[in-house]
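[1] mind looking at a prediction? Sequence and model below.
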Amino acid sequence: MDIPVLKGTRDYLPNEQIIREKIVGILIDKFKKYGFKPMETAILEYYSVLASKYAGGEEILKETYKLTDQGGRQLGLRYELTIKLAKVIGLNPMIRFPFKRYEIGKVFRDGPVKTGRLREFTQCDVDVVGVKSMAADAEFIAMTFDIFKEIGLDVKVLVNNRKLLNGIMEYVEIPEDKRISTILSLDKLDKIGKDGVIEELRESGISESQIDKLFQVIEGAAGSTQEKIAYFENIITNEIGKEGLQELKDFFSYCSAYEVPEDDVIFQPSLARGLAYYTGTMWEVYLKDGTIKSSVAAGGRWDEMIKNFLQSKLDYPAVGMTFGLDVIYEALKQKDFEGFIGKKDKIPMVLIIPINTLTESLTIAKKLRDAGISTDVIVEKKLKRALEFADKEGIPYVIIVGKAELEKNVVKIRDMQAQQETEMPLEKVIKILKG
């Protein structure tokens, strides 16, 4: 039978999923250390909620999966987790602020497929609602470097501010109703190049003089972060732009307090992020070696979404980010997972081979599991076949249990990689494996 595979989706076999779960485990551990709590929301949503002008914006709606249920209701699959958080805040008025949460779940986008980008993928989101200070934004950058250090990937963070971009739009005299589309076109600079962006701007009705002035301003920013900020301070004098510059100065100051690597947090004035709801700081995280072009994480400040979504008079300042599990996996895969997966990560870590000692072997397995050691017992293969199985499955250790070993109160443990075999009491085996 010819079984079709839906483009943009994939299945993960156990050896792959072990790696993915370890990535998630690192993320969850770091999220909790920074004070974030777990949450889970529904995948299905009313399309009207997803299509709200205060949700992801026009660009993301082009990639939204739409469906109609048996009751005729127009539904969609969530394209990200942030809008779901906004809905939860609205439905639960007793939530106390600041509210720090993380959520890990599937999202869906009917967009182009490339390395590290699928149509069904897992997002790992972490947000705080109720804090205006740029210290919260900087905390995410500190956490980002903590996470990727443990994962074993060298990254850089590109940073900008949406208020500064709005100030630039005002300086260039882009009409107010065309500023969001202009910013979103500018965001594609690395993807479609300058010529492609210029063509998009022309098609949207931006004049040649405005286009020239826009690129003159953006390309004029050079040097260090401080030099770029000083450059913009000399030319951007409108209030919104000045506010964005002050936020950037505060942000970089707090990043220094967190001792994040200064050279790896880069102010990039053309960065806009693809979602229209960002209001302040924005950032994208990339591999320093450039082996994968997609960002491995990204985030920003979205102070207005919840307030507008709920049509509330209350302020709900918010900032957060998402880590792309699938693209992080692909990045590690390109390194052959070197140094990421050790013997203790293997499932099982130990395979017990009984030699006419099944009952006793089951008792030994229980003792190993009680000690927290992943253990399996192979019950229907002879010794040679069982050893071949362990070798092909990459199981680090085999314990052979025969009558002779039981009489001596020992087991025979074999290190499959070193091809070394030793007899010792089970208690010593447990101590070594827990090492």
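    Cool, got the structure.

[2] helices along the stretch 101-250 of the chain, start to end?
    For the stretch 101-250 of the chain, the helices defined by DSSP state H, counting those that start in this stretch occupy 134-151, 162-172, 179-186, 189-203, 208-219, 225-235, 239-257.

[3] go on, the stretch 301-435 of the chain?
    If you assign secondary structure with DSSP H, counting those that start in this stretch, the helices in the stretch 301-435 of the chain sit at 305-309, 325-334, 358-370, 383-393, 403-407, 426-434.

[4] and those as CSV, adding mean pLDDT, mean neighbour count and distance to Lys114?
    No exception for glycine: its C-beta is placed from N, CA and C like everyone else's. As requested, the helices of the stretch 301-435 of the chain are exported to CSV (pLDDT from 0 to 100; neighbours: other C-beta atoms under 10 Å; distance: least, C-beta to C-beta, whole Å):
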stretch, mean pLDDT, mean neighbour count, distance to Lys114
helix 305-309, 88, 21, 28
helix 325-334, 91, 20, 10
helix 358-370, 97, 15, 42
helix 383-393, 95, 14, 32
helix 403-407, 95, 13, 54
helix 426-434, 95, 16, 42
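
[5] picking that back up, indicate which one of the helices of the stretch 101-250 of the chain is closest to Tyr47.
    Proximity to Tyr47 (C-beta to C-beta) singles out helix 179-186 among those, at 21.4 Å.

[6] any idea how far Asp303 is from Tyr102?
    Using C-beta to C-beta, to the nearest Å, one gets 20 Å for the distance from Tyr102 to Asp303.

[7] nope, Lys32 is what I was after
    Per C-beta to C-beta, Lys32 is found 25 Å from Asp303.

[8] neighbour-wise, which of these two wins?
    Between Lys32 and Asp303, counting by other C-beta atoms under 10 Å, Asp303 is the more crowded of the two (19 against 12).

[9] you'd agree that one is up against Asp315?
    Yes. Proximity of Asp303 to Asp315 meets the contact threshold set by C-beta atoms under 8 Å, at 7.3 Å.

[10] shaky segments in the protein?
    Scanning the chain with the threshold set as pLDDT under 70 gives 53-57, 115-116, 274-275.

[11] the domain parsing of it - what is it?
    Domain assignment for the chain, taken from automatic domain parsing, gives 14-164+258-334, 343-434.

[12] nearest to Gly244, out of these?
    Proximity of the domains of the chain to Gly244 was assessed by C-beta to C-beta; the nearest stretch is domain 14-164+258-334, lying at 3.1 Å.

[13] okay, how far is it across the closest one, tip to tip?
    Using C-alpha to C-alpha, to the nearest Å, one end of domain 14-164+258-334 lies 18 Å from the other.

[14] for it, what is the distance to the chain centroid?
    7 Å (C-alpha atoms, centre = their mean, to the nearest Å).

[15] kindly report the same for stretch 151-166.
    The mean C-alpha position of stretch 151-166 is separated from the chain mean by 14 Å, C-alpha atoms, centre = their mean.

[16] what residues of it count as buried?
    For stretch 151-166, burial by neighbour count (16 or more other C-beta atoms under 10 Å) applies to 151, 153, 155, 157-166.

[17] try stretch 62-73
    Using 16+ other C-beta under 10 Å as the test for burial, stretch 62-73 gives Thr64, Tyr65.

[18] for stretch 91-110, same thing?
    If you call a residue buried by 16+ other C-beta under 10 Å, then stretch 91-110 has these buried ones: Phe99, Lys100, Arg101, Tyr102, Glu103, Ile104, Gly105, Val107, Phe108, Arg109.

[19] what's the closest of those to Glu427?
    Using C-beta to C-beta, Ile104 is the member of the buried residues of stretch 91-110 that sits closest to Glu427, with 38.2 Å.

[20] quick check: closest non-adjacent residue to that closest one.
    Spatial nearest neighbour of Ile104, chain neighbours left out: Cys124 (4.7 Å); criterion: C-beta to C-beta, 6 or more residues apart in numbering.

[21] switch the helices of the stretch 301-435 of the chain over to JSON lines; also include distance to Ser209.
    Output for the helices of the stretch 301-435 of the chain, formatted as JSON lines (distance: least, C-beta to C-beta, whole Å):
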{"stretch": "helix 305-309", "distance to Ser209": "33"}
{"stretch": "helix 325-334", "distance to Ser209": "39"}
{"stretch": "helix 358-370", "distance to Ser209": "73"}
{"stretch": "helix 383-393", "distance to Ser209": "66"}
{"stretch": "helix 403-407", "distance to Ser209": "87"}
{"stretch": "helix 426-434", "distance to Ser209": "71"}
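
[22] out of the ones you listed, which is closest to Leu245?
    Leu245 lies closest to helix 305-309 among the helices of the stretch 301-435 of the chain, at 23.0 Å (C-beta to C-beta).

[23] right, and Ile180 touches Tyr278 too?
    No. In terms of C-beta under 8 Å, Ile180 does not count as a neighbour of Tyr278; the distance is 10.5 Å.

[24] these two: which is more packed in?
    Neighbour totals were compared for Ile180 and Tyr278, and Tyr278 leads with 25 against 19 (other C-beta under 10 Å).

[25] about what we covered before: would you list the domains of the chain in JSON lines and tack on distance to Gly205?
    Compiled in JSON lines, these are given as follows (distance: least, C-beta to C-beta, whole Å):
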{"stretch": "domain 14-164+258-334", "distance to Gly205": "16"}
{"stretch": "domain 343-434", "distance to Gly205": "55"}
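
[26] out of those domains, nearest to Lys213?
    When these are compared for distance to Lys213 using C-beta to C-beta, the nearest one is domain 14-164+258-334, at 14.0 Å.

[27] any chance you could list what contacts stretch 23-30?
    Stretch 23-30 is touched from outside by 38, 102, 104, 124, 143, 146-147, 150-151, 323, 325, 328-329, 332, with contacts defined as C-beta atoms under 8 Å, 6 or more residues apart in numbering.

[28] Phe252: which of the domains of the chain is closest?
    domain 14-164+258-334 (7.3 Å).

[29] of all the helices of the stretch 101-250 of the chain, which one is nearest Ser295?
    From the helices of the stretch 101-250 of the chain, taking C-beta to C-beta, the stretch that ends up closest is helix 189-203, at 10.3 Å.

[30] buried ones in that closest one, by neighbour count?
    Leu189, Val197, Ile198, Glu200, Leu201.

[31] of the helices of the stretch 301-435 of the chain, which approaches Glu120 most closely?
    Proximity of the helices of the stretch 301-435 of the chain to Glu120 was assessed by C-beta to C-beta; the nearest stretch is helix 325-334, lying at 9.2 Å.

[32] and the closest one with helix 134-151, angle?
    Using axes from the mean of the first three to the mean of the last three C-alpha atoms, to 10 degrees, the interaxial angle of helix 325-334 with respect to helix 134-151 works out to 40 degrees.
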